[in-house]
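# I need the structure of the sequence given here:
(2 chains)
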Amino acid sequence: MVYLTRKCEFSAAHYYHNPQFSPEENQRIFGKCNNRNGHGHNYTLEVTVKGDVDRGSGFVVDLKQLKDVLEREVLQALDHRHLNLEVPEFKERIPTTENLAVAIWDRLHPKLTVAQLHRVRLYETSDLFVDFYGEK
Amino acid sequence: MFSASHRLHNEAMSDAENRATYGKCNNPYGHGHNYALEVTVSGQVDPATGMVCNLADLDGFMAREVLERYQLSNLNDMPEFRDQVPTTENLCAEIFNIVRRGFTPAHLEKVRIEETMMNSFEYAGGAEVRY
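This next block holds a predicted model:
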């Protein structure tokens, strides 16, 4: 079993707001992230897949195919987007980095057939990242 | 860190299959990478030294057994890649086996190789990698 990690970056805007909270609660819980005009991040995404090395090719997965899946399923949907306003997963859910990592897992998991998705690691900034292993 | 060249090519495949499978990595003249290698070992902290193992021993072992072997080499020339393609998956497993067999002061958990800033590979000898 070998683990392979592919990295990519995207930039997006968001704000944190729960309509069930009062304005004061939203402000207290989310602080500056509650600014309704939003703010943005350069996200770094690391996607780890695992599998046995194919004897013929020496690969766990064709890196080009993995790159294409990431491009199609993640970057086209999220890069240079406003997560609250343009990404369907966040119509009802708050686009925290936690929820974004889960959403990325859910987008990738059905599309990765050769190797198995192992981990989604999402950096919001260089100081903060979230890991999700698909456990719900 | 070590720098080496390789060509991904499987003699059992046709030229067209090799090109379809390996793309640019099938270039007959080869190409190279700066491989960044991380080795993770585990063990109890020795109460006398406060160490899991002496880093100088680990550095010495890696320099002697791994870096000396692969630094500025052509991986396709190495005996371990006579019958397997020198992908970074296979290189990870080879280095894991060298360290697991030869380095006894601590338990080898994992070998991780960054082939480029965008791609990395990990091997834990079949064990689950969970960190």
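
# using the three-state scheme, assign the nearest residue to B:E94 once chain neighbours are set aside.
Excluding the flanking residues, the one nearest B:E94 by Cβ to Cβ, 6 or more residues apart in numbering or on different chains is B:E80, at 5.1 Å. For the C-beta atoms, the positions are set from N, CA and C on the backbone; glycine is no exception. Classification of B:E80 using DSSP: H, G, I helix; E, B strand; the rest coil returns helix.

# residues near B:E80, how many?
Look at B:E80: counted by other Cβ atoms under 10 Å in any protein chain shown, it has 16 neighbours.

# could you report the pLDDT at it?
pLDDT recorded at B:E80 is 97.

# for B:V129, same thing?
Here the pLDDT value assigned to B:V129 is 80.

# ok but it is inside a strand, no?
No. The assignment for B:V129 (three-state DSSP) gives coil, which keeps it out of a strand.

# so what pairs up with residue 122 in the strands?
As the question left the chain open, I've gone with chain A. When bridges are called by DSSP bridges, A:L122 pairs up with A:L45, A:V130.

# you answered for a different chain; I wanted chain B.
A:Y3, B:R112.

# averaged pLDDT, stretch A:27-44. What do you get?
94.

# any residues touching that stretch, and which ones?
For stretch A:27-44, the surrounding residues in contact (Cβ atoms under 8 Å, 6 or more residues apart in numbering or on different chains) are A:7-18, A:21, A:26, A:78, A:82, A:84, A:97, A:100, A:122-125, A:129.

# please indicate which of these are buried?
Neighbour counting with 16 or more other Cβ atoms under 10 Å in any protein chain shown marks A:7-8, A:10, A:12-17, A:26, A:78, A:84, A:97, A:100, A:122-124, A:129 as buried within these.

# B:G32 reaches B:C25, doesn't it?
No. Contact between B:G32 and B:C25 fails when scored by Cβ atoms under 8 Å: they sit 11.2 Å apart.

# compare the two (neighbour count), which wins?
For the pair B:G32 and B:C25, the greater number of neighbours falls to B:C25 (19 against 13), based on other Cβ under 10 Å.

# how about the more buried one: what's its closest non-neighbour residue?
B:L8 (4.1 Å).

# so which helix or strand takes in the residue of chain A found nearest chain B?
Here chain A gets closest to chain B at one residue, A:G58, 3.4 Å apart by Cβ to the nearest Cβ. Using DSSP states H and E, A:G58 falls within no helix or strand.

# tell me the contacts of it?
B:8, B:10, B:84-87, B:89-90.
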